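Engineer: Need a 3D model of the following:
(chains A, B and C)
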Amino acid sequence: MDIKYAAAASFSSAKELYDAAGKVREKGYKNWECFSPIPVHGLDAQMGYSRSKVPRFTLAGGLTGFFTGMLIVWFMNEFDYPLIVGGKPYFSPIYPFPVFYELTILFAAFGTLFGMFFLNRLPRHNHPVFEHPDFGRTGDDQYMIVIEVDDPLFDENDTIEFLKGLGGESAQIIREPID
Amino acid sequence: MSEVKEVEEHEILKRVDPAPWKDVPLVLNNRSYKWVTDKICGIVESKTPTWWWWCFITALCIASFTGMGLVYLVSTGVGVWGNNNPVNWGWAIVNFVFWIGIGHAGTLISAVLCLLKQKWRTSINRASEAMTVFAVLCAGIFPLFHVGRVWFAWWLFPLPNSNAIWPQFRSPLEWDVFAVSTYATVSILFWYMGMIPDMAVLRDRAKETWRKYFYGFFAMGWRNANNHWRNFEMAYLLLAGLSTPLVLSVHTIVSFDFAVANLPGWHTTIFPPYFVAGAIFSGFGMVLTLLLPVRSVFGLRDLITQKHIDNMCMITLATGSLVGYAYAMEFFIAWYGANSYEGFAFINRAFGNYWWSYWIMVSCNVICPQLFWFKKIRENTPLVWIISIFVNVGMWFERFVIANTTLSRDFLPSSWGYYSPTVVDIFTFFGTFGFFSVLFLLFLRFLPLMPMCEVKSVMPQANPHADH
Amino acid sequence: MGRVGQGTGYDVTPLLSGDSLVISGVSIEPTGSFEILANVQEHWSMEGRAIVREANVDEYTSDTGFASKMGAESHSPPMWGKDQNNSLAEKATSTPRGNSAYEHPDHTYEKSDVFGIHQWGMTIDLNQCTGCSACVVACQSENNIPVVGKDQVLRGREMHWIRLDRYFSSPTRDGAEIPSDVQVSFQGVACMHCETAPCESVCPVNATVHDEEGLNAMAYNRCVGTRYCANNCPYKVRRFNFFDWNKRDTNELYQGPLGEKNDSLVDLGKNPDVTVRMRGVMEKCTYCVQRIQESKIRTKVNAQNKAKYNTGEDGASLQLSTKDLKVPDGTIKTACQQVCPSEAIVFGDVSDPDSKVSKLKNNSRDYSVLGYLNTRPRTTFLAKVRNPNPKMPDFVSSPYATKEYHDRAHPSHHGDQH
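Structural biologist: Residues are numbered from 1 along each chain as shown, chains lettered A, B, ... in the order given. A predicted model of the protein is given here:
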């Protein structure tokens, strides 16, 4: 027993993919994705995506790191147990610089990586598109456009014909086997 | 919506035939994407070559020297090294700065060259980042184990303890804790994140089950989807942007170990830029030392081309010249500042009890890299490899000269003393090269040594607007 | 033969024969072999640095403040800045900023529970010092300083908290050999207890901090042993326990846990008032803090008893005045001060203008070694005044050390007196 997941077609160059993506978007499809071995420049705009939201996570992480660093130093060297060390002031914004700077970068890096995972909805070790017999070639030298069944404009025959018309090879339906 | 507009050809082109721009391709011989994938994955997927086993076993034996040296050190005391009063930091801190410095080139290649849009970085950045991670691991051994009571080293972290005392954050060693931990973590994160798409490729090609699980786990389910790439690219750029100030700050903080002290020859504001330039210099030396053999053994001449070698040599030359300039400036300021202790410190470096280490340093760091001005030398790969080894020898001696000549002869002549390393010192240090090699060999065997997605991005097929 | 003497040196008793201690008719031949002698100080020259400052009596009478005119601080911006002319007591209690880049926090901890009512300081009069080394021995026995053995001394790891530096100075400077015509200068150097101690700022774990009475305190149980403090000390007074000197047999240090433990008889000789340090820990002169604490406690107990007798109050409701809690001057003698035959070392409270140490510090000969580093050491030295007989054939008008200093500091004024 199979469930249909999407219609897929392969392309053999970045230019073909780029042009095809523009036409898919013009046609009005909403639930579709392009697969490529490299990030293709300009494809985001062709697909109608806005700028990635990862920087927000980076900023949040960085601010957390900065204030954590300052708090640690202030709390430990001035508030909780102030000790005279070399006649230096208990706390100043200067000497904790390495601490808060490094923590800013560290937490910002965590924010970036985990933000990227979160926005990509990863880890997700199983996905219907893996059922495509030639999926592995999207990491090698093939490009693919996949239009999901959930899309309102999806029609099994029309969508396949449309993809063939854009120059897609081996246009087929991806089926997900259910045990 | 970005459309490429047609540009009108300029009038002048109807009358003049411009000379063709000789654009050296970054991947030679018009390779296809499939060739690149098969080449890189092939190294990982094929049976382990015999030479790899020989190198691995040798490296393990050498690495055991470090293990044995450290066990002896911790059980018996720091006295098994050659440290004494006044030279309380002997080889240990020299080795620490040496390894951390080597790591900086990897981050420079990955992060700084990325921000500067240098496309040639793509075939070398994965291996250099690996080198960085492993070098930082080797470096971390030394500040941890050189302390008198290693079992209390965790007190340097801001954690509650039975003494109810906190760390002292004005100390550069405390700053080192944060800097080196952050550098290790961010380098690993950046290196790992860059590998995710390649892990996915290996996962999809994997035939054995253990490979499917191993690469599948680390690939996190990557699907090569454009939405993924969008976030990935942004995260990569951000991590590159974070790593750039990181690499500058980490070696600055390491240089503060010396600069914040008040000793003549140490207490100087030139150290941060001088150390960073030196770190990049030594790091590129190590990148050349590692990648030139890898290039020959694995047949990667089309991916690591003469242009790549040229560029790496030129960066080595530039940073080596910066280091030479810094040496000259230090001398000038020592004279100009008219502080007799500072002036003595520099004359002592060149003509005092460690004069031999000073001249090794100068000949390896200032004179050797100048050979890279000559194209004939840059094209002679074995010679480039030999020069890269001299670069690292010279940089080790630079840290030795800085640390030990000043400690050996500082303010009060009554406490002047000489330091000699003991057998334990020597074997512990050389063992770290074994440890580094073990890790690097494992990397070559199991992980994709080049970022396939990035290399493919700089090939002509990647351009969606080109006619092909 | 004790554990240190074993295997060291040569036994000359076979030379003795009969009752006479005088033997005649001996001959000496070189054997061709070399014996390395252990020496705690390798370099004998001051290298023209103003470490031991000396003058002849004529120079002194013409300029009593000669010591302040030598050294890098005589040619650099003044460390105390606008606070230069504050009194000694003010400088010790208020920690003036001077030319420092920042305000110093109140190191008497005045606003906290542990307010420091004394401020300890010391002077060492180089004129009185005969170089006898009694201070070194006294400090060793008072503070449980371990004996490390000849091999470790050869490696530069002797543990003495106070050392007696001995410099030779000569009119002809040839750094390679010891010249024949020299003058000798001694200087006892122990931890200077700097007010702005460079060692404190670089310890990552707060093992060495400043206490409320001006002592640079060393917390052995917190020390992790990074040795950065020893590197940053310009006087190099800090000593590191490279091995378990106290726990292991001196001749089996390198065998670590497989070696013999020390004879327990040695432990019986230790001073129970002072911690015995393990390996991996830094140590240094503490101004005999155990003696300071003992005196403070006794003074407080006396004051409590007296107050109880007078008022009938007891316990926490007793109000003791600072005057009663102050230890009278001269009560506390550090071990080195106690044994010095010429009373060169004087220790006391510098916040008290009437104490002996304050009066000596106000002497014009008083100077700080390496003062230009703005370490503000609490141990200062009184410069040496030589009084050679003008009629003797080896009379020189200025000590060799001063000549060396002027040659190095003002090479263009060769021969001039400054």
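Engineer: closest point of the stretch 151-300 of chain C to chain B, which residue?
Structural biologist: residue C:225 (2.0 Å; CB to the nearest CB). C-betas here are computed from N, CA, C, even on glycine.
Engineer: ok, the nearest residue to that residue once chain neighbours are set aside - contacts?
Structural biologist: Setting aside the residues directly before and after it, residue C:225 is nearest to residue B:148 in space (CB to CB, 6 or more residues apart in numbering or on different chains), at 2.0 Å. By CB atoms under 8 Å, 6 or more residues apart in numbering or on different chains, the contact list for residue B:148 reads B:77-78, C:223-227, C:240-241, C:279-282.
Engineer: Now, these that are in helices?
Structural biologist: Nothing among the contacts of residue B:148 maps onto helices, per DSSP state H.
Engineer: Any of the residues you listed buried? List them.
Structural biologist: Among these, those classed as buried by 16 or more other CB atoms under 10 Å in any protein chain shown are B:77-78, C:223-227, C:240-241, C:279-282.
Engineer: Same list (those) but as TSV, adding pLDDT.
Structural biologist: Shown next, in TSV, are the buried ones among the contacts of residue B:148 (pLDDT from 0 to 100):
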residue	pLDDT
B:77	94
B:78	95
C:223	96
C:224	96
C:225	96
C:226	96
C:227	96
C:240	97
C:241	96
C:279	94
C:280	94
C:281	96
C:282	96
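Engineer: Double-check that residue B:190 belongs to a strand.
Structural biologist: No: per DSSP: H, G, I helix; E, B strand; the rest coil, residue B:190 lies outside any strand segment and is helix.
Engineer: pLDDT weak spots in chain C?
Structural biologist: Applying pLDDT under 70 to chain C flags the ranges C:1, C:173-176, C:316, C:412-418.
Engineer: All the helices of it, residue numbers only.
Structural biologist: Per DSSP H, chain C carries helices over the ranges C:57-62, C:88-94, C:134-142, C:150-154, C:198-202, C:228-232, C:264-268, C:289-311, C:322-325, C:335-339, C:356-361, C:400-409.
Engineer: what does the fifth one contact?
Structural biologist: The contact list for helix C:198-202 (CB under 8 Å, 6+ apart) reads A:84-86, A:88, B:168, B:170-173, B:260-262, C:208-210, C:216, C:228-234, C:238, C:373, C:375.
Engineer: Show only the entries of the contacts of residue B:148 found in strands.
Structural biologist: Filtering the contacts of residue B:148 for membership in strands, criterion DSSP state E, returns C:240, C:282.
Engineer: what about the residue sitting nearest the centre point of chain C, distance to residue C:51?
Structural biologist: With distances taken as CA atoms, centre = their mean, the residue of chain C nearest its centroid is residue C:190 (1.7 Å). As judged by CB to CB, to the nearest Å, residue C:190 and residue C:51 stand 15 Å apart.
Engineer: ditto for residue C:406
Structural biologist: Distance of residue C:406 to residue C:51, given as CB to CB: 14 Å.
Engineer: just to revisit the earlier point, mean neighbour count and distance to residue A:163 added to the helices of chain C, as TSV?
Structural biologist: Formatted as TSV, the helices of chain C follow (neighbours: other CB atoms under 10 Å in any protein chain shown; distance: least, CB to CB, whole Å):
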stretch	mean neighbour count	distance to residue A:163
helix C:57-62	14	103
helix C:88-94	19	85
helix C:134-142	19	91
helix C:150-154	18	83
helix C:198-202	25	68
helix C:228-232	26	68
helix C:264-268	10	90
helix C:289-311	14	86
helix C:322-325	12	94
helix C:335-339	21	94
helix C:356-361	20	95
helix C:400-409	22	88
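Engineer: out of the ones you listed, nearest to residue A:178?
Structural biologist: Of all the helices of chain C, helix C:228-232 sits nearest to residue A:178, with 65.6 Å by CB to CB.
Engineer: what does the stretch 201-350 of chain C put close to chain B?
Structural biologist: C:201-206, C:219, C:221-228, C:230-232, C:234-236, C:238-244, C:253-257, C:278-282 (CB under 8 Å from any CB of the partner chain).
Engineer: Flag the shaky bits of chain A, pLDDT-wise.
Structural biologist: For chain A (pLDDT under 70), the answer is A:179.
Engineer: Mind jotting down where the strands sit in it?
Structural biologist: Secondary structure of chain A (DSSP E): strands at A:2-11, A:32-35, A:143-148, A:169-177.
Engineer: If you count contacts, what does the longest one end up packed against?
Structural biologist: Secondary structure elements in contact with strand A:2-11, counted by 3 or more CB pairs under 8 Å, 6 or more residues apart in numbering or on different chains; DSSP states H and E, are strand A:143-148, helix A:156-165, strand A:169-177.
Engineer: Make a markdown table from the ones you listed and add distance to residue B:270 to it.
Structural biologist: Shown next, in a markdown table, are these (distance: least, CB to CB, whole Å):
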| stretch | distance to residue B:270 |
| --- | --- |
| strand A:143-148 | 52 |
| helix A:156-165 | 63 |
| strand A:169-177 | 62 |
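Engineer: highest average neighbour count across the ones you listed?
Structural biologist: Among those, strand A:143-148 has the highest mean neighbour count (mean count of other CB atoms under 10 Å in any protein chain shown), at a mean of 25.
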